[in-house]
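Enquirer: Okay, predicted coordinates and the sequence, questions at the end:
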Amino acid sequence: MPEATTSDRMEKIVSLCKRRGFIFQSSEIYGGINGFWDYGPLGAELKRNVKALWWRDMVHMRDDVVGLEATIIMHPQIWKASGHVDTFADMMRECPLTKKRVRTDQVEPLSGTAFSYVGSISKQSFDTGGLLWTKLLENESEDVRRSSLLELAAQILNPKKPLNEEEQKSTAEQKVAEIKGIQLNPLQALSLLQVIQILRAGSSSDPFTILIPAGKPPESARKAALEFYQQRGIAEPIVFGEQFNKLENSTDFHPESRVRLSEARPFNLMFKTYVGASEPAEVAYLRPETAQAIFAQFKNVLETSRHKVPFGIAQMGKAFRNEVTPRNFTFRSREFEQMELEYFIKPDEAVEAIAGRVTAAAELVTRHSSLVTSSWGWEAWHKYWVEERIRFYESIGLPRTTLEEYWQKPEELAHYARATVDLLFKFPFGTQELEGIAARSDFDLSQHERFSGKPMGVFDEELRAAWGTLDETKKKELWQRYYDARLNYLTKTGVEQAKAEKEAKEDADGLARGQYIPHVIEPSAGVDRLILALICHAYSEDQAPDEKGKMEARVVMRFHPRVAPIKVAVFPLLKNKPDLVKKAQEVRDLLRPHMTVFYDDTGAIGRRYRRQDEAGTPFGITIDFDTLGEKPELKETVTLRDRDTMQQVRVQIGELLPLLLEKVR
């Protein structure tokens, strides 16, 4: 089978997600809302499995990590301290015609051409020419306004129930204002121009302007439109004809001028809300990340969990970012889930005072925590967590070959970061970030200490005892390094020089008393991006025999059994044979307490296999007449089918549970 192009592959994946119940457009019956997605039955199970495995790997299987579940809405000062209120923004520009906002890094200042249309178009001329809307599939992901217009266009150009003249005029009055100010590609613009003229019965008394983005001139309208629709799961939207060529070059439809967007300005990505019934109500925000709650609760967790540094706090949960341009299916959404760990470590000065040296990252030969030593500084811990995260992805079915490590250049780092590694996954639409592992120094705890007035430092008896054994030269060296680091932080955050020097000296003097503010390594992953990566990697097409042995195309989701939404499907060979059904239900009930089981008795057995292949179910169990003893030697055995190889073996019912548990855990 020829390999699909990346755009074709992504289109097929999006279609399968809707068809099989992995992912739906949020609020779809109302036209959808851009940047929001719902997980269907299979998607919900897949997501729960991934989160459970992350929690098990990160918390349950470690002695040095505990969990937290914090609220979505927190005190607004938290976001002031973290910098989100002042700096958490994308630079954007605005079109003066459409008022549409776009990210500055995605467009040029001269972003498009304004086209005017003043002529009239009749329905007959377009039908004759062959420019027809033929089909809109269910995966349209634009906003409600655009969706309603596209549906209107489909209704007018290929109506199930033609509108009478009165209905045309009424619809025109409702829709003309909506059509104005929408940014469209050339083919959309032409199609909606046609709709308007049909609604107005050929009237040309109200000329208007539509913006067509740069890089998509009318002569490339077909290609532009097809790319646009393929990305959104719409197949075969247009039938082209000579009339389109004539209109495309019509003098009635012509460029007026290039449109210059507004100057770039920041657009804060946080969703704002209000708390309380007082007037004015207190402003609050939906959290844009889960990490800040961990920093705010650091001292409470430290004291109640009885842990000592180094240790970590893990959290999963919803986050919200008002993205200017959500895109690439669920990859960049406005509501999403994160899996974040904040792993708190000693500053290198404390490590060197205690261990006599700081282990260089190049010295690490293993990633296993059993070999962690007290001499590990931030570089060693950072490298360790990069390897740990890659190991986790390998354990759930993303081979190392599908991932790339991108070490951010010094000029790309956040001002507080010492190093950041982005783990990238090769999506069909490009290689994009899956997780970031950042060495964030002591910035976060220091910020919350400064803004809240509450101490965020820790007391380390081991450091206090070790400091007393150091010679004066080493004390001065470590003191100076810590002082310089604290002074650098304070001056960068705007503290006046004299005050910054005084506070930095107090912090450095604290080393002798065993006091310091912990540094942190932060592995931060997006659940939704990971789910999309697993779906993209699992999607596969091959050939399989049908009921008559003829080869046919098969779509199969090759999920790792650990994350597969359904672990095993149970099939009675025939649903009208009570003994087969009873035995199949017994097998289902045997397995159900231990794993997700799907029972299916509808249709030919081959069709049932295909449905489960598309759902990604790794194993299928068929109960046939041999199970009932038609062949005495096979009584109480079932056929166990492997999804990937399609091989089938006979297995004793009593051996099923331990056999399957070994494979799916």
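Expert: All right, it came through fine. Numbering: from 1, shown residues only.

Enquirer: Could you use CA atoms for every contact and neighbour count after this?
Expert: Noted.

Enquirer: So for stretch 636-648, first residue to last residue, what's the gap.
Expert: 16 Å (Cα to Cα, to the nearest Å).

Enquirer: Kindly report the domain assignment for this structure.
Expert: Here the domain parsing of the chain from automatic domain parsing is 69-88+270-457+517-529, 92-260, 553-664.

Enquirer: can you tell me which of these the model trusts least?
Expert: Per-stretch mean pLDDT for those is lowest at domain 92-260 (a mean of 44).

Enquirer: How about the residue nearest the centre of the chain: what's its closest non-neighbour residue?
Expert: What sits nearest the mean C-alpha location of the chain, by Cα atoms, centre = their mean, is Arg529, with 2.9 Å. With sequence-adjacent residues excluded and distances taken as Cα to Cα, 6 or more residues apart in numbering, Arg529 is closest to Phe331, at 5.2 Å.

Enquirer: State the number of residues packed around the one you found.
Expert: 22 (other Cα atoms under 10 Å).

Enquirer: pretty sure it contacts Ile535?
Expert: No: Phe331 is beyond contact range of Ile535, at 11.8 Å (criterion: Cα atoms under 8 Å).

Enquirer: Surely Asp642 and Ile621 touch.
Expert: No: Asp642 is not in contact with Ile621 according to Cα under 8 Å; the separation is 9.3 Å.

Enquirer: ok, these two, which is more surrounded?
Expert: Counted by other Cα under 10 Å, Asp642 and Ile621 do not tie: Ile621 has more neighbours, with 27 against 17.

Enquirer: Could you say which helix or strand holds that one?
Expert: Taking DSSP states H and E as the criterion, Ile621 maps to strand 619-623.

Enquirer: so what strands line up beside the helix or strand just after that strand?
Expert: Using DSSP H and E, the helix or strand that follows strand 619-623 towards the C-terminus is strand 637-642. The pairing partners recorded for strand 637-642 under DSSP bridges are strand 619-623 (antiparallel), strand 648-652 (antiparallel).

Enquirer: For Leu657, pull up the helix or strand it's in.
Expert: Counting by DSSP H and E, Leu657 is part of helix 653-664.

Enquirer: Which positions within that helix qualify as buried?
Expert: Buried positions in helix 653-664, judged by neighbour count with 16 or more other Cα atoms under 10 Å: 653, 656-657, 660, 664.

Enquirer: Closest one of the residues you listed to Val50?
Expert: Here the nearest of the buried residues of helix 653-664 to Val50, counting by Cα to Cα, is Val664; it sits at 12.9 Å.

Enquirer: Any idea what Gly620 is bridged to?
Expert: Ala569, Arg641.

Enquirer: I figured it hits Met646, correct?
Expert: No: in this structure, Gly620 is not within contact of Met646 by Cα under 8 Å, at 9.6 Å.

Enquirer: Which one's more surrounded, these two?
Expert: Gly620 (25 against 14).

Enquirer: Contacts only, for the more buried one.
Expert: By Cα atoms under 8 Å, 6 or more residues apart in numbering, Gly620 lies in contact with 568-571, 609, 639-643.
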